[in-house]
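Asker: I'd like to go over a predicted model; first the sequence, then the structure.
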Amino acid sequence: MTPFWRRSKETAKERLRLILIHDRIELSPGKMEELKDDLREVFKKHLNVKTEDFDISVSRKKDSMALEADIPLRDSR
Amino acid sequence: MGKSIVITSGKGGVGKTTTTANIGMALAILGRSVVLIDADIGLRNLDVVMGLENRIVYDLVDVVEDRCRLDQALIKDKRYRNLMLLPAAQTRDKTAVNQEQITKLVEGLRDEFDYVLIDSPAGIEQGFKNAIAGAQEAVIVTTPEVSAVRDADRIIGMLEAEGLNDPNVIINRIRKDMVKRGDMMDIDDMIEILAIGLLGIVPDDEDIIVSTNKGEPIVLNNKSRTGEAFRNIARRIEGEEIPLDNNGREKFVQKIKRMIGIS
């Protein structure tokens, strides 16, 4: 029996989930990277952001989608 | 008034036409009056799958452009006289008709038939929009592949935008052996991802090619399991509750119960 992580259907499901998220929000993965870069710059202008750890992602809530941003800040103390 | 149902998919080659032919014929076998509309103008094929290609005189575009009466264009099936086909034009394209014309046509047919099934072309352009124009309900055909499910998802969104809410899905060409070894998405995976109702499951079956070679929809073969899957879909459309097993067939226990009349 093939272990579950090597079954190609798991790969199919994972890829499909991501594809559908981007299709549904009408934003391609490449555009998402651009948005991320732009947002990073905006935050940098006002805050001391740990830019290397800055990340945004789309998640599926119950009936809607949400853009979630992880914006780690440097502590100056 | 009858019910109009569009059979669509987005992606081409997933089995829309075969599904339309088989559901139509299965409903006719159940005694319903059924008309099938081939809305794939320019790439007509429903006539071939039904084995009615030699009987075409007029087509859908001729009706819309008033070159003939509707009843002159309708081809009566030779096996079930309560089943009719309105063929697509082969020498025109999707722009030969518009949504208003199709809506009017479908409305007229609903007066005379229990079911109006519309076989949609692939794609999301004019031809698709024409095909869904007169439909009250939608059935989406997909296969257990990433590309087909992606397109199905897009189509669900577009149908909802047009007011066709709660479409149901038929999952075609399931291969039990591949599902078992984890190399094909199973029914639960796909329903979870698409988040819509399941109308039926149809196994991958080389007999479909044989039946298309002959122009005899597989529901005509009483021994075929694939035919049974389509017959069950027709009965679900009729409102019967038929539980699914993993091959899209009625559960054995259910079948026995139904046969002896306790379910």
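Answerer: Nice, thanks for sending it over.
Asker: Excluding chain neighbours, what is closest to the residue of chain A found nearest chain B?
Answerer: Distances between chain A and chain B by Cβ to the nearest Cβ are smallest at residue A:7, namely 2.9 Å. Just so you know, the C-beta spots here come from the backbone N, C-alpha and C atoms, and that holds for glycine as well. With sequence-adjacent residues excluded and distances taken as Cβ to Cβ, 6 or more residues apart in numbering or on different chains, residue A:7 is closest to residue B:182, at 2.9 Å.
Asker: so how many other residues sit close to the one you found?
Answerer: Neighbourhood size, residue B:182 [other Cβ atoms under 10 Å in any protein chain shown]: 18.
Asker: Confirm for me that it is in contact with residue A:9.
Answerer: Yes: using Cβ atoms under 8 Å as the test, residue B:182 is close enough to residue A:9 to be in contact (5.3 Å).
Asker: who's in contact with residue B:39?
Answerer: B:6, B:60, B:88, B:102, B:118, B:119, B:120, B:121, B:127, B:130, B:131 (Cβ atoms under 8 Å, 6 or more residues apart in numbering or on different chains).
Asker: Likewise for residue B:60?
Answerer: B:37, B:38, B:39, B:41, B:73, B:86, B:87, B:88, B:89, B:97, B:105.
Asker: at 6 Å instead, please
Answerer: Residues near residue B:60 by Cβ atoms under 6 Å, 6 or more residues apart in numbering or on different chains: B:86, B:88.
Asker: quick one: it and residue B:91, what's the gap?
Answerer: Taking Cβ to Cβ, to the nearest Å as the measure, residue B:60 falls 12 Å from residue B:91.
Asker: neighbouring strands for the lowest-mean-pLDDT helix or strand in chain A, and are they parallel or not?
Answerer: None of the helices or strands of chain A scores lower by mean pLDDT, DSSP states H and E than strand A:55-60, at a mean of 85. Its sheet considered, strand A:55-60 pairs with strand A:65-70 (antiparallel) by DSSP bridges.
Asker: What count of nearby residues applies to the residue of chain A closest to chain B?
Answerer: Neighbours around residue A:7, by other Cβ under 10 Å: 16.
Asker: excluding its backbone neighbours, what's nearest residue B:129?
Answerer: Per Cβ to Cβ, 6+ apart, closest to residue B:129 is residue B:99, 6.1 Å.
Asker: Would you mark the buried spots in the host helix or strand of residue A:24?
Answerer: Element membership of residue A:24 [criterion: DSSP states H and E] is helix A:8-25. By neighbour count with 16 or more other Cβ atoms under 10 Å in any protein chain shown, helix A:8-25 contains the buried residues A:9, A:10, A:12, A:13, A:16, A:19, A:20, A:21.
Asker: check these against chain B, which are close?
Answerer: Counting by Cβ under 6 Å from any Cβ of the partner chain, A:9, A:12, A:13, A:16, A:19, A:20 from these sit close to chain B.
Asker: ok, the fourth one to residue B:79 distance?
Answerer: In this structure, residue A:16 lies at 40 Å from residue B:79, with Cβ to Cβ as the measure.
Asker: same check, this time on the second one
Answerer: In this view, residue A:12 and residue B:79 are 40 Å apart by Cβ to Cβ.
Asker: again, but for the last one
Answerer: The span separating residue A:20 from residue B:79 equals 41 Å under the rule Cβ to Cβ.
Asker: picking up where we left off before, pretty sure the residue nearest to residue B:129 contacts residue B:132?
Answerer: No: judged on Cβ atoms under 6 Å, residue B:99 makes no contact with residue B:132 at a distance of 8.6 Å.
Asker: And the two? Which one has more around it.
Answerer: Between residue B:99 and residue B:132, counted using other Cβ under 10 Å, the more crowded position is residue B:132 (25 against 15).
Asker: Against residue A:41, how distant is the more buried one?
Answerer: 44 Å.
Asker: before we move on, what about residue B:102?
Answerer: On the measure of Cβ to Cβ, residue B:102 and residue A:41 end up 50 Å apart.
Asker: Spatially nearest residue to the spatially most central residue of chain A (excluding sequence neighbours)?
Answerer: The centroid of chain A falls nearest to residue A:57 when counting by Cα atoms, centre = their mean (2.2 Å). Residue nearest to residue A:57 in three dimensions, not counting chain neighbours: residue A:68, with 5.5 Å by Cβ to Cβ, 6+ apart.
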